[in-house]
Each structure stands twice: as C-alpha cells, then as structure tokens.
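Participant: Please work out how this folds:
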Amino acid sequence: MNPPVNRGTPVAVVTGSDSGIGRATAVRLAALGMDVGITWHADEEGARRTAEEVRGHGRRAAVAHLDLTRLPGAADVVDELAAELGRIDVLVNNAGTGTATPFLEMSYETVRDVLDVDLVGPFLCSQIAARRMIEQGDGGRIVNVTSVHEHQPRVGAAPYCAAKGGLGLLTQVMALELAEYGITVNAVAPGEIATPMTGQDDEDVRKQSRPGVPLGRPGDAREVASVIAFLAGEDSSYVTGASWVVDGGMLRMGPQAGSHLESDAWRRP
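Facilitator: Model (predicted):
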C-alpha cells in the first residue's frame, strides 16, 4: 500500500526500473524524497520488488508495463504514470537493449528493435514528460542513460552504438530547446556495470578483476544511480546538455581495450 499523497512531493518516472541501474536509481530517488513511477518489460516481479523498496522509504510507487518496441503508443505509459502520481518532475530514460552480432549478420528486425528501445523510445517518452513539465510551469529534469558507446564504438554492437550516439546528440538538442522552460537535459554514460544486462546481477564488484579498467573493477549500479540523482536534483540546476561518464576510467583506455585486456602490463611503460 502506498503512503498518503503529498502534493508537494516531486515525482520521478524511471523506465526499466525492474533491476540494475533502473532499480538503483528508483530507490535512490525515493531516498531523496521522490515518489517514483516504475516500468518493466519482462520482469514484473522485479518491478514489484523495486516498488516495495521505494515504499520502504515512505514514498509512493506506481508500476506499469513498458515495451518500447511497440511505438508510438508504448510511450504513453509515461503520461499514465504521471497522471497516477499527480505530476512529473524527473524522467530517467533508462530502459535499453543491446546486441552482440557482427554488422554483416545483423537483421533488420534487430536493428529496428534496438533503435526503437534505445533512441526513438526515449525521444517519445521525453516529449510526453516535457509537455507535462511545461504545463506544470516549474521546470524539470530529464536524464538519458546512454553508455560509453555514446562516445566510442564496439565490435558487434552497431545498432546499439548508433542509438546511444544518437541519444547523446538528442540530449544536447533537447537541452537547447527545453532550457527556456527550466528543464535541464543531461546524459549519463555508464561503462561496464554489474547488472543483469552484463550477466553480473548483485555481484560484489570489489571481487571482480578488470585489468583494462583503471579502477580495476566493474561498476556498481548504485554508483551510476548517485550521478543520475545528482542530475535529477537541485544541486545540478546549472548543468544541462552534458554527458557524465561513469566508467572507472574505461574511456581513457578505449572501451575495447578496457573490456578485453587480460593483464596489468599496460600500467608500466
């Protein structure tokens, strides 16, 4: 059961918040005093667990199914969650998918699905959220979760890289166009994070060795959530159009090297 409605409470919608970075973000925003709209694609039970964690912080939670391969109608879920919770102050476009298929073997259907989920979906969800924020009249925050592959390519991930790169530039255009309404738009670009998407759900990242990453380990979803929370809050009020990389230094190595080096020999001249 949800706590009583507080009309002064800010509301965030976090897509793909049934696990990983999305769940960590939803819980972090709840801890900071926000009610949270939660979406799931395949793991309804995971979304319910996220909602319970949100309510454990004394905040309201609303849960809805979201399949961004079913556009444009699927994006209406953002409007529905905002209506249920009374408003929307923060949108975190976190839902995503990827590939590990060579360019020459990629099917049209795969390309279309990845682009819809990772680029067109966030575009449409952001339109809906921004229109509500403008109608409310007191600004807002949009945070797009991209990837280090917003900035650098990776073999086998052609549509993913294209979508994340596109989402990075979309972030910049949105930041320019929505600034007059007091809406900031930023991207967060994670490196390798221990989540179900990388096959590392709930692992202790301190026990994982990544010789090619300067910090020597993958990231924890809560480390990404803390950056998202900063961009969703008042302390980032003069930050817009930026991409915040959360990768343990991977990009300084190049993402292929960062993921695939098997020794620390690179550390020595």
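Participant: C-alpha from now on. contacts and neighbour counts both.
Facilitator: Noted.
Participant: now this protein, which segments are flagged as low pLDDT?
Facilitator: Applying pLDDT under 70 to the chain picks out residues 1-7, 196-203, 269.
Participant: the longest strand in it is where?
Facilitator: The single longest strand within the chain, with elements called by DSSP state E, is strand 183-190.
Participant: Show me what that one pairs with in its sheet, parallel or antiparallel.
Facilitator: strand 140-145 (parallel), strand 243-246 (parallel) (DSSP bridges).
Participant: and those strands, which is most packed in?
Facilitator: strand 140-145 (a mean of 27; mean count of other C-alpha atoms under 10 Å).
Participant: now the helices for the stretch 101-250 of the chain?
Facilitator: 108-115, 121-136, 158-178, 221-232, 250-253 (DSSP state H, counting those that start in this stretch).
Participant: would you turn these into TSV with distance to Leu29 and mean neighbour count?
Facilitator: As requested, the helices of the stretch 101-250 of the chain are arranged in TSV below (distance: least, C-alpha to C-alpha, whole Å; neighbours: other C-alpha atoms under 10 Å):
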stretch	distance to Leu29	mean neighbour count
helix 108-115	27	16
helix 121-136	17	20
helix 158-178	21	21
helix 221-232	6	20
helix 250-253	27	18
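Participant: okay, those in TSV with distance to Ala51 next?
Facilitator: What follows is the helices of the stretch 101-250 of the chain, written out as TSV (distance: least, C-alpha to C-alpha, whole Å):
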stretch	distance to Ala51
helix 108-115	27
helix 121-136	21
helix 158-178	27
helix 221-232	16
helix 250-253	32
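Participant: And those helices: which comes nearest Leu81?
Facilitator: helix 121-136 (10.3 Å; C-alpha to C-alpha).
Participant: what's that closest one in contact with?
Facilitator: 68-69, 71-72, 75-76, 78-79, 87-89, 91, 93, 139-140, 142, 144, 167, 170, 178, 181, 183 (C-alpha atoms under 8 Å, 6 or more residues apart in numbering).
Participant: Drop anything exposed from the residues you listed.
Facilitator: 68-69, 75-76, 78-79, 87-89, 91, 93, 139-140, 142, 144, 167, 170, 178, 183 (16 or more other C-alpha atoms under 10 Å).
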